[in-house]
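J.: sequence unknown, structure follows:
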């Protein structure tokens, strides 16, 4: 997943970002509502973890702005507010889940995965695509029951394709999922990782097509595999 963490407390933000990165996710961080709004409108995210008490306003204001602009990115509200009314307000404005501080990082990540799965209509932690099975929680991949070892970035790509079967994903989008805002490599890195992923999945029913000038599309092969 590519996650935007909106949290003004440095220690809390650092702990969340570090934990999620160790689990293979790509994270960006915003410490205030203005920066968060800019990033959310600029970059495609799989999830926003949103604190409500921000130095330049309420996170609920940002949530309302996103939904008014028809931005349906999943939002997991993270706050020290414990009143039921606060939870109701957040959910009514379009939040997908709500977690009260203090919290366990493992629970936060589990909730984040669940919210992301629900967005794509997947109720369970694992998804089947023909003879390929991907377990997002365990971060394992198998073809015909035989496990396939993927690197962290290969798994990120596979996760993106499985969550968007049939949709065209632009190279810029995939690059941002791999590297976030760090700009560690050029766009050609996307082609390199997709090439590696294709080789590892050559016996799978999942096919990753290159659409010239458009991007990449994952589909389930019909008939015999090559």
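T.: Good, I have the coordinates. This structure is a prediction, so every number in the text was calculated from the model and none was measured.
J.: in the longest helix belonging to the chain, what counts as buried?
T.: Ranked by residue count under DSSP state H, the longest helix found in the chain is helix 105-119. For helix 105-119, the neighbour count (16 or more other Cβ atoms under 10 Å) marks 108, 109, 111, 112, 113, 114, 115, 116, 117 as buried. Every residue, glycine included, has its C-beta placed from N, CA and C.
J.: burial of the spatially closest residue to the first one that is not a sequence neighbour, as a residue count?
T.: Leaving out its chain neighbours, the residue that sits closest to residue 108 by Cβ to Cβ, 6 or more residues apart in numbering is residue 99, at 6.1 Å. Counted with other Cβ atoms under 10 Å, residues neighbouring residue 99 total 16.
J.: who's residue 99 bridged to?
T.: With DSSP bridges applied, residue 99 shows beta-bridge pairing to residue 78.
J.: For it, give me its contacts.
T.: Residues near residue 99 by Cβ atoms under 8 Å, 6 or more residues apart in numbering: 76, 77, 78, 79, 107, 108, 111.
J.: closest to residue 132 among the residues you listed?
T.: Comparing the contacts of residue 99 against residue 132 with Cβ to Cβ places residue 111 closest, at 25.8 Å.
J.: Now the spatially closest residue to the closest one that is not a sequence neighbour, what are its backbone angles?
T.: Nearest residue to residue 111, sequence neighbours excluded (Cβ to Cβ, 6+ apart): residue 97, at 5.3 Å. Per-residue torsions, residue 97: phi -160, psi 170 (degrees, to the nearest 10).
J.: ok, residue 97 - contacts?
T.: Contacts of residue 97 (Cβ under 8 Å, 6+ apart): 76, 77, 111, 114, 115.
J.: Now with 6 Å, please.
T.: Applying Cβ atoms under 6 Å, 6 or more residues apart in numbering to residue 97 gives the contacts 76, 111, 115.
J.: Any chance of CSV for those residues, columns distance to residue 138 and pLDDT?
T.: Formatted as CSV, the contacts of residue 97 follow (distance: Cβ to Cβ, whole Å; pLDDT from 0 to 100):
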residue, distance to residue 138, pLDDT
76, 21, 96
111, 17, 91
115, 18, 87
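J.: ok, the residues you listed vs residue 23, which is closest?
T.: residue 111 (13.0 Å).
J.: how close does the closest one sit to residue 57?
T.: Separation of residue 111 from residue 57 (Cβ to Cβ, to the nearest Å): 24 Å.
J.: And residue 205, by the same measure?
T.: Distance, residue 205 to residue 57, by Cβ to Cβ: 48 Å.
J.: The two: who's more crowded?
T.: Taking neighbours as other Cβ under 10 Å, residue 205 and residue 57 compare with residue 205 leading, 17 against 14.
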